[in-house]
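>>> sequence and predicted structure are below.
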Amino acid sequence: MEKRDLNDGMVVQTEMGNDYLVVGDRFIGNDGFLDISEYGKNLKLNTHKSLTGYDVIKVYNRINRLKQLHDDTAKVLIWDRQKEERRSQK
């Protein structure tokens, strides 16, 4: 999964476990927003190297309602960084 694969309405989860809705050039969540331009194509935070926990580790398919942002039963996982890294190590 790369940054260019993201579409509006998808949900991303950071290392800290926070979920954000992809809207335009931002990830929008309950605690604010993150600029997608600050991420590399691998969905890791490029800027603010002192900040940790903001790399994207999971991507979910589009949601239909904002309340589904925090409802794990309503989201469909389409990418998981840990699973991808394990596959590439084999």
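Great, that's in hand. Only a predicted model underlies this, so the values are computations on that prediction, with no experimental measurement involved.
>>> so which helix or strand takes in the most centrally placed residue in the chain?
Centroid-nearest residue in the chain: V12, 2.3 Å away (criterion: CA atoms, centre = their mean). Secondary structure from DSSP states H and E places V12 in strand 11-14.
>>> which residues are contacting that strand?
6, 19-22, 27, 43, 53-61, 63, 69, 75 (CB atoms under 8 Å, 6 or more residues apart in numbering). For the C-beta atoms, the positions are set from N, CA and C on the backbone; glycine is no exception.
>>> what's in contact with stretch 27-36?
With CB under 8 Å, 6+ apart, stretch 27-36 has contacts from 3, 6, 12, 18-22, 25-26, 54, 69-70.
>>> revised request: answer the last question for stretch 45-60.
1, 5-6, 10-16, 34, 38-40, 43-44, 75-82.
>>> try 7 Å this time
Contact partners of stretch 45-60, identified using CB atoms under 7 Å, 6 or more residues apart in numbering, comprise 1, 10-16, 34, 38-40, 43-44, 75-82.
>>> now that stretch - C-alpha only, PDB.
Output of stretch 45-60 as PDB, limited to C-alpha atoms (Å, rounded to 0.1, in the frame of the first residue of the first chain):
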ATOM      1  CA  LEU A  45       5.800  10.200   8.600                       C
ATOM      2  CA  ASN A  46       8.700  12.000   6.800                       C
ATOM      3  CA  THR A  47       8.700  15.300   8.700                       C
ATOM      4  CA  HIS A  48       8.800  15.900  12.500                       C
ATOM      5  CA  LYS A  49      11.300  13.000  13.100                       C
ATOM      6  CA  SER A  50      11.000  13.600  16.800                       C
ATOM      7  CA  LEU A  51       7.300  12.600  16.700                       C
ATOM      8  CA  THR A  52       6.700   8.900  17.100                       C
ATOM      9  CA  GLY A  53       3.600   6.800  16.700                       C
ATOM     10  CA  TYR A  54       2.200   8.500  13.600                       C
ATOM     11  CA  ASP A  55       3.300   6.100  10.900                       C
ATOM     12  CA  VAL A  56       0.300   4.500   9.300                       C
ATOM     13  CA  ILE A  57       0.100   0.800  10.100                       C
ATOM     14  CA  LYS A  58      -3.400  -0.200   8.800                       C
ATOM     15  CA  VAL A  59      -5.700   1.000   6.100                       C
ATOM     16  CA  TYR A  60      -9.400   0.200   6.000                       C
END
